[in-house]
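S.K.: Here's my sequence, what's the structure:
(chains A and B)
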Amino acid sequence: MSVPVAPPAETPATSRQPAYRRVFGGSYSLAAQGEPALWVCAAGLVVCLTMIVGLLALVLLQGSFTFWPLPLTELETRDGKRHLGEFTREETFTMGFAALATLEETEREAAERLLCPALRRYLQRLVENDRLEPAMQEAAKQAAGLLERALLEIPAVASATPAEQRRMRAELQSLWRERRSEYRRRLLDRLRESLERSDDALLELLRGIEAKYQSWLGQSDPSQVMASLRDDDATAFAVWSRPVLQLLAVDVRIPVRRRLLRIGNYELTNEHFRWIADYQIVPGSEHHPQWAAIFERIAWGRFYGIPKELWVGDERVAVGPQQTWLAFERHHPAVRKRWREIRHIEKHVIGEINRKMEAARLSLRRLELDLQRRLGRTDVRETPQFRHAQAEFDETEKRLNEAFRQAQQNIERLRAENAGFRLVVTTAEGDDHSLQLADIVRAYTANRLTRREKFSVYLSRWWEFLSEEPREANSEGGVFPAIWGTVAMTLLMSVVVVPFGVLAALYLREYARSGPAISILRIAINNLAGVPSIVFGVFGLGFFCYTVGGGVDALFFPERLPAPTFGTGGLLWASLTLALLTLPVVIVATEEALAAVPRSMREGSLACGATQWQTIRNIVLPRAMPGIMTGMILAMARGAGEVAPLMLVGAVKLAPELPIDGVFPYVHLERSFMHLGFHIYDLGFQSPNSEAAKPMVFTTTLLLIVLIGVMNFFAMWLRSRLTRRFAHGQF
Amino acid sequence: MTQQPPAAVPQSPASTDGDVPQQPAFSQPRPAAAKPPLPDETRPPATSRLHRIALGEPIQAEIHDAVLREDAVLEFDHFSLWYGSKQALFDVSFPVARGKVTALIGPSGCGKSTLLRSINRMNDLIDSVRYEGDIRLNGESILGRQVDVIELRKRMGMVFQKPNPFPMSIFENVVYPLRIDGIRNRRLLKEVCEQSLRGAALWDEVKDRLHESGLGLSGGQQQRLCIARAIAGAPEVLLLDEPCSALDPIATAKIEDLINELRGEYSIVIVTHNMQQASRVSDYTALMYLGRLLEYGPTSDIFTRPHLPETNDYITGRFG
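M.R.: You can find the predicted model right below:
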């Protein structure tokens, strides 16, 4: 852009010359142009957005498809085995001729058929470019070495004396010197001929050479090894050609698809998943059997098969897939109901009995400790008070044992009722396998489902995921205890951290006189935010769990020792540890919010005769409330997503007892708990069935993100509500 | 993009240059903002008070007899104030008349606001402040250690340069002093609110939206809301610290009318940069310079027959 430059102004003599005149046009520096900065900033934003959106999209996509019911595929592989299962994912790998050696006979043939066209194309290209002959010469040079090595690996030769071996190598070399140009011409001719004809012709050639070569390798008589080369021209040609071809084909690689088939039936196959490459499948064997069913079980993972018979007691009530399936659908709910009843008895009735028993034992132990302290001797069991209590305890124990026996009987009865219901399922291999109906959580004939039914299975799995306890080493079932634990811990943490953080920030900003001490304190708080979170975990374990918790146990729960109550990881200590971890976030955010309250408002309030606390409470805090809530949201998000310290202070792999439940005193601060973040770690890295756990990792991550989102959303809603209340809709 | 004609720009600085000789004094007072050169640059008689003040010599303030005859609500008695090691007020002594409007005028940085903020001890909020001498409210010292600052401030109302309504409803803004006292009687609160808003000439404008935010009002309304808040606690003294400097002329006129109406009911001390405003609203005027009181007397005398030539120079715009 050309801007006319101002001519030196004709200034009147009376006027003063300015020391500096602005420059117009021409000589802008790059920094003065807005555009580069704009592009750099926009690029930064785009990079950030891409990363965030990419991460969220990955989690969302992977996580939300986990529970969608996939069709069941049955297929036969070339090794003669039949498989039934769900294809869960696929990938492509590249395969070359070198990989053929590791394959079984039948699979090698199929793989060769796949590779041959690629080899033909490759060689044809060499021919077109007149590169075949030079390439072959090059290969022949290296082939001699290969061949010598192959020779020495023939068992008969390998066991010969070194002198003999030397002689054979020399003979081999002289043989090639003699014949190699002829063989090269012959190989060239045969290749050219087969290239012109068809893939099959090439394959034929390769197979012929390979067969002769293999039979030469397999000779057992050492004298015959060289003799067959000398006398049998066809064998000699094959033996010479084979390594040459191998070297020529070394660059020929084709992409091959392989799919991961979830085959289940772990007790029969010892694996949950199997990779199946396309060439392994017998063509045309892949199909979707109509009555193939998936059985999700309490233990051993999934079972895939076709229902065959249903037995009730000794009576076979249904035969054939359709009949059996209908009968299964008829009987299964009742069986599951009884099963849930058993679970209820185990969990609540027997749990209650155990609790009472423990309470009685503890009160007896308490009395003993009390007597020991009062009488000053350890041997108090003979005192009348203790005898009396002991008698009472025995009485209680007897009563509870009776109740326990009854509950046990109930369970036995229900179990016996359920035991009669058996489903016989035919696996893909044709074996019959008997399943207890009570062990089946969910079953569906995947290939018969309509879209609506699929969706209902999908929803039912989601519901199970959200509302049930985990099973199968967390890779199946639900994560309800983990959700509960995460929410309880995060809320408890917020309840602790926000008041303390706000009070600390109020003192720092409103009351403390600024000086070096306050500056050092502020720096220390900011640095606290940079301490690795695992350090907080170590501190929490050492200080909260062992020191404070140990003290609490000695003071309030001596009768339970040496079993720790508060002296080990638990909800309370985890919350306190995370509160410590998030304290700087709250303090810094609150301080900034307080600093943003205009001085004029404080002065206005003080001038009205308000005390400093009245000013803080009526003017400063309401005005700073959105900022404080922002700090709280940040702290909650940070705390809910933290895992490392929790591993030390109370998060566990499996804790069916919830930290907050309907049993007095309702909030069990000492209990260890499950946490979604830790659950993700456990699924991803500690699961014995990692393929099955992988989709669950994404689903759990999705859930954790949604949970944090919901909590943040709630906090934001609270913030806007509070703001409205305090400031009448101004902010 | 359109370009300015190149020749237009460089010529402009020559026209308004400071070398032009000073115009003779205007017949009317003009705003202090039109900055004349510093006094010692122009024509400093060696004996000038301004010169002596600049040298740090003590001078005797010129206080008119009419002032001394008034009943004093406030008395400054040899009051000096330091911010750290820097002295801001030098030995200020004068009475403030009860039920009258007293204006404090003077060039920027002369200590008007500091003096005003000393009356309700807002300066105490600054850590490094230190003072000597005394200020008496109704004959009692307000500076002693035994004086309860909170009680003192409850006897004063203060309005600041920038409107500072609180982030609450108009109603709550007005009754804030009562809320602080713990008054919960709804009827009383409503009565005081109406009274104060009427007193601040704002009632008619906001009576239908008392429960909307005070921050939603215009600048002038906000300042009148602050005045309503200041008079809600029935103070003995009303302190106005340049209440109109952030307002447009119409809002300014309204506030001035309001001050005229409040005259007699309250003792008002107003700091202003605007000498026309001082002459319009005040009964007495004190002129300050570099932390000292120069002259203090009835407004009509100060503006028409000042005793000191320096006062005449200031009000006619020759310095300041």
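S.K.: so where is chain B shaky, pLDDT-wise?
M.R.: The model of chain B has pLDDT under 70 over residues B:1-47, B:320.
S.K.: Break it down into its domains, please.
M.R.: Domain assignment for chain B, taken from automatic domain parsing, gives B:46-155+B:237-255+B:266-320, B:165-234.
S.K.: Test for you: state the pLDDT assigned to the residue nearest to residue A:408 when sequence neighbours are not counted.
M.R.: Once flanking residues are discounted, residue A:408 sits nearest to residue A:350: 7.9 Å by C-beta to C-beta, 6 or more residues apart in numbering or on different chains. Yep, even glycine has a C-beta here, placed from its N, CA and C like the rest. We note a pLDDT of 86 for residue A:350 in this prediction.
S.K.: where does residue A:350 fall, phi/psi-wise?
M.R.: When read as degrees, to the nearest 10, the backbone of residue A:350 gives phi -70, psi -40.
S.K.: pretty sure residue A:684 is in contact with residue A:697, am I right?
M.R.: Yes. If you go by C-beta atoms under 8 Å, residue A:684 and residue A:697 touch, sitting 4.7 Å apart.
S.K.: Next, count neighbours for the residue lying closest to residue B:66 once chain neighbours are set aside.
M.R.: Once flanking residues are discounted, residue B:66 sits nearest to residue B:298: 5.0 Å by C-beta to C-beta, 6+ apart. Residue B:298 has 20 neighbours, counted by other C-beta atoms under 10 Å in any protein chain shown.
S.K.: Verify the contact between residue B:298 and residue B:69 for me.
M.R.: No. If you go by C-beta under 8 Å, residue B:298 and residue B:69 don't touch, sitting 10.4 Å apart.
S.K.: ok, now which ones touch the residue of the stretch 51-200 of chain B found nearest chain A?
M.R.: Among the residues of the stretch 51-200 of chain B, residue B:154 lies nearest to chain A; the distance is 3.4 Å by C-beta to the nearest C-beta. Under the criterion of C-beta atoms under 8 Å, 6 or more residues apart in numbering or on different chains, the neighbours of residue B:154 are A:608-609, B:177, B:181, B:233, B:235.
S.K.: Export those residues as CSV, with columns for secondary structure.
M.R.: Listed next are these as CSV, based on DSSP: H, G, I helix; E, B strand; the rest coil:
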residue, secondary structure
A:608, coil
A:609, coil
B:177, helix
B:181, coil
B:233, coil
B:235, coil
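S.K.: separation between residue B:314 and residue A:291?
M.R.: Using C-beta to C-beta, to the nearest Å, residue B:314 is found at 107 Å from residue A:291.
S.K.: Same drill for those two, tell me which one is more crowded.
M.R.: residue B:314 (26 against 18).
S.K.: residue boundaries of the helices in the stretch 151-300 of chain B?
M.R.: Using DSSP state H, counting those that start in this stretch, the helices of the stretch 151-300 of chain B run over B:170-174, B:176-180, B:186-199, B:203-206, B:219-232, B:249-262, B:275-281, B:299-304.
S.K.: Same list (these) but as a markdown table, adding distance to residue A:182.
M.R.: Shown next, in a markdown table, are these (distance: least, C-beta to C-beta, whole Å):
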| stretch | distance to residue A:182 |
| --- | --- |
| helix B:170-174 | 110 |
| helix B:176-180 | 113 |
| helix B:186-199 | 119 |
| helix B:203-206 | 114 |
| helix B:219-232 | 108 |
| helix B:249-262 | 114 |
| helix B:275-281 | 121 |
| helix B:299-304 | 130 |
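S.K.: would you list these in TSV and tack on distance to residue A:367 and mean neighbour count?
M.R.: Shown next, in TSV, are the helices of the stretch 151-300 of chain B (distance: least, C-beta to C-beta, whole Å; neighbours: other C-beta atoms under 10 Å in any protein chain shown):
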stretch	distance to residue A:367	mean neighbour count
helix B:170-174	60	25
helix B:176-180	57	21
helix B:186-199	60	17
helix B:203-206	73	16
helix B:219-232	67	25
helix B:249-262	79	16
helix B:275-281	86	21
helix B:299-304	91	19
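S.K.: The ones you listed: which one's closest to residue B:98?
M.R.: helix B:249-262 (13.6 Å; C-beta to C-beta).
S.K.: now the closest one and helix B:219-232, what's the angle there?
M.R.: 20 degrees (axes from the mean of the first three to the mean of the last three C-alpha atoms, to 10 degrees).
S.K.: what packs against helix B:249-262?
M.R.: On a contact count with 3 or more C-beta pairs under 8 Å, 6 or more residues apart in numbering or on different chains; DSSP states H and E, helix B:249-262 meets helix B:219-232, strand B:267-271, helix B:275-281.
S.K.: related to what we said a few turns ago, which one, of the domains of chain B, ends up nearest to residue A:441?
M.R.: Nearest of those to residue A:441, taken as C-beta to C-beta: domain B:165-234 at 56.4 Å.
S.K.: can you give me how far that closest one is from the chain middle?
M.R.: Computed by C-alpha atoms, centre = their mean, to the nearest Å, the chain-centroid distance of domain B:165-234 equals 22 Å.
S.K.: Do it and chain A come into contact?
M.R.: Yes. Applying C-beta under 8 Å from any C-beta of the partner chain, one finds domain B:165-234 touching chain A at B:165-169, B:176-177, B:179-180, B:211-213, B:215-216, B:226, B:229-230, B:233.
S.K.: re the thing from before, so for residue A:684 and residue A:697, which residue has more residues nearby?
M.R.: Using other C-beta under 10 Å, the more surrounded residue of residue A:684 and residue A:697 is residue A:697, with 23 against 16.
S.K.: correct me, but that one touches residue A:680?
M.R.: Yes. If you go by C-beta under 8 Å, residue A:697 and residue A:680 touch, sitting 5.7 Å apart.
S.K.: Quick one: the strands in chain A, in order.
M.R.: A:73-76, A:82-96, A:253-262, A:273-277, A:293-297, A:302-312, A:315-319, A:421-426, A:432-436, A:440-444, A:470-471, A:476-477 (DSSP state E).
S.K.: Dump those strands to TSV, plus mean pLDDT and mean neighbour count.
M.R.: Converted to TSV, the strands of chain A look like this (pLDDT from 0 to 100; neighbours: other C-beta atoms under 10 Å in any protein chain shown):
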stretch	mean pLDDT	mean neighbour count
strand A:73-76	92	20
strand A:82-96	90	16
strand A:253-262	91	17
strand A:273-277	90	18
strand A:293-297	91	22
strand A:302-312	91	22
strand A:315-319	89	15
strand A:421-426	91	22
strand A:432-436	90	15
strand A:440-444	90	19
strand A:470-471	83	20
strand A:476-477	82	20
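S.K.: Of those strands, which is nearest chain B?
M.R.: With respect to chain B, and counting by C-beta to the nearest C-beta, the nearest of the strands of chain A is strand A:470-471 at 48.9 Å.
S.K.: show me where the stretch 601-731 of chain A has helices.
M.R.: Counting by DSSP H, counting those that start in this stretch, the segments of the stretch 601-731 of chain A that form helices are A:612-615, A:621-640, A:644-649, A:676-686, A:690-727.
S.K.: List the buried residues of the second one.
M.R.: Read it as helix A:621-640. By neighbour count with 16 or more other C-beta atoms under 10 Å in any protein chain shown, helix A:621-640 contains the buried residues A:621-640.
S.K.: near chain B too, which of those?
M.R.: Counting by C-beta under 8 Å from any C-beta, A:622-623 from the buried residues of helix A:621-640 sit close to chain B.
S.K.: can I get the helices and strands packed on helix B:249-262 in JSON lines with distance to residue A:98?
M.R.: Below are these laid out as JSON lines (distance: least, C-beta to C-beta, whole Å):
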{"stretch": "helix B:219-232", "distance to residue A:98": "85"}
{"stretch": "strand B:267-271", "distance to residue A:98": "95"}
{"stretch": "helix B:275-281", "distance to residue A:98": "99"}
